[in-house]
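attaching a predicted model along with its sequence, questions to come.
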Amino acid sequence: MPERRRAIRRSSRRPSPGRGSRGNRPARSPWLGARWDEPTQNERLRTAYEAGLIDYVEVNYPLMPGGSPDVSPTAPILVHCPINPIASVHGFNRALARQVRAAAIEHGSPWIGEHLCWAGPGPEGRLGYIVNPLFCDAVRDAAIENARALTAFYGRPIALELAPVYDSTGTFDSEVHFLASVARAADTHVIFDLAHWTASNRNLRRPADFGLDVLEPERIVELHLAGIRSGRSGRFWHDSHGDVPEEELLELTAHLARRLPRLAAVTFEHAEDAPEADFMRTLERLRRVLG
Ligand SMILES: [Fe+2]
């Protein structure tokens, strides 16, 4: 393992937004991590962690029955929840949130990732996919109230993330403007998912850099990075954890790591059935570009 990575692990247990920042530039590289979705990923994530390629693991909670991460007793865990109905009038799901809060306490997660999605009021919440809300004032007001209540319930910051967008709905200029408005009013962190954002820009035929200047830079504590693919029709793009990130997104990650003052974590999302060599090579590349 490289000496530098050993030193990072000894001196700092988990990512921390803003710690040591200088002016509007981050003082150090963000931590690099990988998404854990399935127990079948334990081995490759353990290999990456022990090789110094990742500093933490990001896990979706609540865990599926029978599946819990077993990467390393020393690997920090960032807690993420993609199925709470943040952007709906149902309010957040308390039964789900109790499980997520317990995980965040257990692992000392510095923030909890939450999708700015619409979801059902049932025990599971998910509607088969991460469904976007109508981007309008009424839903924004509900999302602000939910985000504030959930932050108080968790007792720690939440970081809001958008799903890919396939259509223009509502009255906001875009979903990015909607996110910026909710994050500012509810005073939350933001997870900027570069794959979701790029797919949305292509789906809505917007310029490749559309929205980059809309989010407040100091709110972005984490980037998500994955591949994207076009659907069978060729018309729509989706994020794809079976593919590696496009070159432009790797370059943009390096650019953002230098520019975002509170960026603390970059999470690579890669499926358990995708080639392990792709996973390792991408992490090695990210280590190089993040410095
Ligand atoms: Fe994501």
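Arrived safely. The model shown is predicted, which means the values in this text are computed figures rather than measured ones.

burial of the closest residue to His241 other than its chain neighbours, as a residue count?
Excluding the flanking residues, the one nearest His241 by Cβ to Cβ, 6 or more residues apart in numbering is Ala271, at 4.0 Å. Glycine gets a C-beta too; all of them are placed from N, C-alpha and C. Ala271 has 19 neighbouring residues, counting by other Cβ atoms under 10 Å.

quick check, pLDDT for Ala271.
At Ala271, the pLDDT value in this model is 89.

hang on, it in a strand?
No: per DSSP: H, G, I helix; E, B strand; the rest coil, Ala271 lies outside any strand segment and is coil.

start at 31 instead
Renumbered: residue one is now 31, and that last one reads Ala301.

up against the ion, what does the stretch 81-230 of the chain have?
By Cβ under 5 Å from the ion, the part of the stretch 81-230 of the chain that sits against the ion consists of Asp223.

for the ion, what's its nearest residue on the stretch 81-230 of the chain.
Asp223 (3.8 Å; Cβ to the ion).

just checking, that residue touches His254?
Yes: proximity of Asp223 to His254 meets the contact threshold set by Cβ atoms under 8 Å, at 3.9 Å.

between the two, which contacts overlap?
Any residue near both Asp223 and His254 by Cβ atoms under 8 Å, 6 or more residues apart in numbering counts here, and that gives Glu191.

now the helices for this structure?
33-41, 72-80, 124-137, 167-184, 205-216, 224-233, 277-289, 306-320 (DSSP state H).

chain center to the longest one: distance?
Mean C-alpha position of helix 167-184 versus that of the full chain (Cα atoms, centre = their mean, to the nearest Å) differs by 19 Å.

now do the buried residues in that helix.
Residues 169-170, 172-177, 179-181, 184 are the ones in helix 167-184 that count as buried (16 or more other Cβ atoms under 10 Å).

with the fifth one instead?
Buried residues in helix 205-216, counting neighbours by 16+ other Cβ under 10 Å, are found at 205-213, 216.

how far does that helix sit from its chain's centre?
Worked out by Cα atoms, centre = their mean, helix 205-216 lies 16 Å from the chain centre.

and the angle from that helix to helix 224-233?
Put simply, helix 205-216 runs at 130 degrees to helix 224-233, going by axes from the mean of the first three to the mean of the last three Cα atoms, to 10 degrees.

which residues touch helix 205-216?
117, 146, 162, 165, 170, 173-174, 177-178, 181, 190, 192, 195, 200, 202, 218-220, 227, 230, 240-241, 244-246, 249.
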